[in-house]
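**Student:** Sequence plus predicted model, see below.
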Amino acid sequence: MRTAARWSLLALLLTAVAAALAAQGLSTRTTGPSRTPFASGGRGILSGARPILQWSGERLISREKPPGRRIALTFDDGPDPRWTPRIAAALRRLHVPATFFVIGSKVVRHRALVRSLYRQGFELGNHTFTHVDLASLSPWERKVQIALTESALQGALGVGSRLVRPPYSSVPAAVTVAQAHALGEIASRGYMIVLADFDGEDWRRPGVDAIVRAATPRQRHGGIVLLHDGGGDRSQTLAAVERLVPRLRARGFRFVTVSQLAGLSRAQVELPAREWERAQGLVLMVTLAAARWTTTVLAVLLVLVTALFVIRMAVLFVLARRHARLVRARPVGSRFRPPVSIVVPAFNEAAGIERAVCSLASSDYPDFEVIVIDDGSTDGTATLVEQLQLPGVMLVRQENVGKPAALNRGLAAARHDIVVMVDADTVFEPETLNRLVEPLRDPSVGAVSGNTKVGNRRGLLGNWQHIEYVMGFNLDRRLYDVLECMPTVPGAIGAFRRQALEEIGGISGATLAEDTDVTIALGRAGWRVVYAEEARAWTEAPSSLTALWRQRYRWCYGTLQAVWKHRAALWRSDEKRIGRRGLPYLLLFQITLPLLAPLIDVFSLYGLFFLGARWVAAYWAVFTALQLALGWYAFRLDHESPWRLIAMPLQQFVYRQLMYLVAVESLLTALRGSRLSWRPSDRTGAVEIAR
């Protein structure tokens, strides 16, 4: 699969996820609260009209005759899985027919409940798809709201309904001009608008007595009673029904459905669905069910990702503190200064090779040699090294065969038992070599990781990478050092015991992350790998997004290769340090977490549209505050100025997303089994040692 095809597939998947979230959000999160307007005191545009309205060709007119002593109980905002069955059971026990005006999005979610109501003989009406004020919508949106609910009913029952009750409606006297216009437009398509004579206002939860009083006719004429079976706690409504029905019967009222009150049969208010209409309704249900399932899964993953972030921060903080205490408690004895061979692989490193080699040659270490392996450079790298004519610096030329082969060539040429490997764009401080070699005093230590610092941090991109090196890489190295499971000695600065390297067969070229590969192999062989935080090396970070992408793509893909190569360590009991600590942490926090982390951004957009900006802002503020707190501590440990962290909030919107995409691309490449060649980054030589 070519890169373009992989990105097309990823774009398709992201579009599908976005569509699922949008469908779920539009069908559930936009549902408004239950409420009814205040009556306009007899001055409304429909004042004096009966509550069942139809279109005359010019205007809305009343459909039914005076109700006499008939009462039609109606319930809005369902179906609700908790309250609708209880209210329906009470109505059946009391032998009361009723009409339920259902919300389409809830019909989709509770299809079985709707079918149960229909089988029990209750009448169903249309209450829009998302419980939205129809007067606030454009004509096409009103049409969609009614049509989607009709389609949902057709998919669930095989029939639609001509009865429509607009949300936020009450008695005819409360209808405004704008609402009348919207209702007239709907009625002109053959629907009947159903308002109410008596509004129980149970959505306010005023108490059972108040609901019963509001729903009880004061005179001898009945009509339509408006109650709710969804949209909140309906315990008062249920209790009110139990008291209202016997009271009204005692006064001589009898209960009917809305269609009976209008003088119509049930068949006259139902809209039988044709085959394609029912199929369309089923497709709607399946689509929204898939959207709901997708949203649920993503929500669970979001919780998991958030938990992983918080756990990682907590673990890093605790173990970083422990590491700092351990470093301070180490005894200071006589200096360990064995002869050292420094190996520098170089391929087209003309921009920085002179400064790198000069910094190594000027180390204040007593006995060392520098071996530069020119791996077939075409930019004059070897000539620049020769022209330096520095004592103790040896140049070895070879055809271009890759970095691992260059390192092995240097290892073969090295005369000493301690070998330091350094990238050709890296600058050492004079005391770095002393501090790097010191931990090898312990014969159980096979390798030492130095502290890699970004040497070109002036620009925004450089500062972002500086933050990542201090907060990410260096904090992780402190954790690995405490747990004795270091998975990577960086290519920029690392010291190795020759015996340990020979024991694992030298530097392998099987992966693109040869530094991770060799370090894991050392851990599996039983060697300790430690971190020397004071051994600083200043390296050149990529200066463009393209260069950064190439570097991190190689790193991430190489890490995946290394983990797969050494997967047996996960279950071998004699390799439990690296296999039970290092590799799981690497898999969980450097591979899995970046792959899942985009969910935070996806749900941020979802929340922005459907949950409210303040929730998204609160989540982002807490997340950023935790990051800043951890960053402040990491910078303090590394003796860096915390003012650099001022760029971190902006980093969350650009840099972090790039790292996620790198992880996704690397995984896709790994799943396909593709192989990549070693390709060094473009250099500028702009490395400075910050003081």
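**Tutor:** Nice, thanks for sending it over. Residues are numbered from 1 along each chain as shown.
**Student:** CA atoms for contacts and neighbours, from now on please.
**Tutor:** OK.
**Student:** On the three-state scheme, A49 is what?
**Tutor:** coil (DSSP: H, G, I helix; E, B strand; the rest coil).
**Student:** is it true that it touches R63?
**Tutor:** No: counting by C-alpha atoms under 8 Å, A49 does not reach R63; the two are 9.3 Å apart.
**Student:** These two: who's more crowded?
**Tutor:** Shown here are A49 and R63; by other C-alpha atoms under 10 Å, R63 has more neighbours (20 against 17).
**Student:** Can you read off the backbone torsions of the more buried one?
**Tutor:** The phi and psi values for R63, taken as degrees, to the nearest 10, are phi -90, psi -40.
**Student:** from what I can see it touches A262, true?
**Tutor:** Yes: counting by C-alpha under 8 Å, A262 is a contact partner of R63 at 6.3 Å.
**Student:** buried sites along the helix or strand hosting E369?
**Tutor:** E369 belongs to strand 368-375 when assigned by DSSP states H and E. For strand 368-375, burial by neighbour count (16 or more other C-alpha atoms under 10 Å) applies to 368-375.
**Student:** quick one: average pLDDT of the helix or strand just after that strand?
**Tutor:** Sequence-wise, the next helix or strand downstream of strand 368-375 (DSSP H and E) is helix 381-388. For helix 381-388, the mean per-residue pLDDT is 93.
**Student:** Now do the helix or strand following helix 381-388: everything it contacts.
**Tutor:** Sequence order places strand 393-398 as the next helix or strand after helix 381-388, per DSSP H and E. With C-alpha atoms under 8 Å, 6 or more residues apart in numbering as the test, strand 393-398 has contacts from 361, 369-376, 382, 385-386, 410.
**Student:** repeat that with 7 Å
**Tutor:** Identification of contacts with strand 393-398 by C-alpha atoms under 7 Å, 6 or more residues apart in numbering yields 369-376.
**Student:** Counting neighbours, which bits of it end up buried?
**Tutor:** Applying 16+ other C-alpha under 10 Å to strand 393-398 flags 393-394 as buried.
**Student:** Then stretch 625-633?
**Tutor:** In stretch 625-633, counting by 16+ other C-alpha under 10 Å, buried: 626-628, 630-633.
**Student:** hmm, which two among those are most spread apart?
**Tutor:** L626 and Y633 (10.9 Å; C-alpha to C-alpha).
**Student:** Centroid-nearest residue for the protein?
**Tutor:** Nearest residue to the geometric centre of the chain (C-alpha atoms, centre = their mean): L599, 1.3 Å.
**Student:** For stretch 58-69, give me every contacting residue.
**Tutor:** 49-55, 184, 220-223, 252-254, 261-263.
**Student:** CA atoms of it as PDB?
**Tutor:** C-alpha atoms of stretch 58-69 as PDB (Å, rounded to 0.1, in the frame of the first residue of the first chain):
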ATOM      1  CA  GLU A  58     -55.100  29.000   3.600                       C
ATOM      2  CA  ARG A  59     -54.800  28.800   7.400                       C
ATOM      3  CA  LEU A  60     -54.900  26.500  10.400                       C
ATOM      4  CA  ILE A  61     -58.400  25.600  11.500                       C
ATOM      5  CA  SER A  62     -59.700  23.500  14.400                       C
ATOM      6  CA  ARG A  63     -60.300  19.800  13.500                       C
ATOM      7  CA  GLU A  64     -62.400  18.400  16.400                       C
ATOM      8  CA  LYS A  65     -65.800  19.300  17.700                       C
ATOM      9  CA  PRO A  66     -66.300  20.200  21.400                       C
ATOM     10  CA  PRO A  67     -64.900  17.300  23.400                       C
ATOM     11  CA  GLY A  68     -67.900  17.000  25.800                       C
ATOM     12  CA  ARG A  69     -66.900  14.900  28.800                       C
END
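**Student:** Pull out the buried residues from that stretch.
**Tutor:** Using 16+ other C-alpha under 10 Å as the test for burial, stretch 58-69 gives 60-64, 67, 69.
**Student:** Show me which strand runs longest in this structure.
**Tutor:** strand 528-539 (DSSP state E).
**Student:** average pLDDT for that one?
**Tutor:** Mean pLDDT, strand 528-539: 94.
**Student:** Tell me the one of the buried residues of stretch 58-69 nearest S544?
**Tutor:** L60 (66.5 Å).
**Student:** so what's the backbone phi/psi at that closest one?
**Tutor:** According to degrees, to the nearest 10, L60 has phi -80, psi 130.
**Student:** Show the contacting residues for the residue lying closest to it once chain neighbours are set aside.
**Tutor:** Leaving aside its chain neighbours, L60 sits nearest to Q54 (5.5 Å; criterion: C-alpha to C-alpha, 6 or more residues apart in numbering). Neighbour list for Q54: 60-63, 187, 192-193 [criterion: C-alpha under 7 Å, 6+ apart].
**Student:** Which strands or helices does the helix or strand that comes right after the longest strand of the chain pack on?
**Tutor:** For strand 528-539, the succeeding helix or strand toward the C-terminus, using DSSP H and E, is helix 545-565. With contacts defined as 3 or more C-alpha pairs under 7 Å, 6 or more residues apart in numbering; DSSP states H and E, helix 545-565 has these neighbours: helix 514-524, helix 655-672.
**Student:** Quick check: which of those is buried the most?
**Tutor:** helix 514-524 (a mean of 25; mean count of other C-alpha atoms under 10 Å).
**Student:** so which of the buried residues of strand 368-375 comes closest to V102?
**Tutor:** D375 (74.1 Å).
**Student:** coming back round to it: in TSV: the helices and strands packed on helix 545-565, plus distance to E484 and mean pLDDT.
**Tutor:** Output for these, formatted as TSV (distance: least, C-alpha to C-alpha, whole Å; pLDDT from 0 to 100):
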stretch	distance to E484	mean pLDDT
helix 514-524	9	94
helix 655-672	26	78
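**Student:** Roughly how far does T488 sit from A299?
**Tutor:** 33 Å (C-alpha to C-alpha, to the nearest Å).
**Student:** Same drill for these two, tell me which one is more crowded.
**Tutor:** T488 (25 against 15).
**Student:** Which residues are in contact with the more buried one?
**Tutor:** T488 neighbours (C-alpha under 7 Å, 6+ apart): 515-516, 519.
**Student:** Spatially nearest residue to L512, not counting backbone neighbours?
**Tutor:** Leaving out its chain neighbours, the residue that sits closest to L512 by C-alpha to C-alpha, 6+ apart is G558, at 4.3 Å.
**Student:** Same question for G252.
**Tutor:** R69 (7.0 Å).
**Student:** cool, D417 as well?
**Tutor:** Counting by C-alpha to C-alpha, 6+ apart, the residue nearest D417 is R498, at 5.1 Å.
**Student:** Correct me if wrong: the one you found contacts R415.
**Tutor:** No: applying C-alpha atoms under 7 Å, one finds R498 not in contact with R415, separated by 10.1 Å.
**Student:** quick one: common contacting residues for the two?
**Tutor:** Contacts common to R498 and R415, judged by C-alpha under 7 Å, 6+ apart, are absent.
**Student:** the more surrounded of these two?
**Tutor:** R498 (19 against 14).
**Student:** How about the contacts made by that one?
**Tutor:** By C-alpha under 7 Å, 6+ apart, the neighbours of R498 are 417-419.
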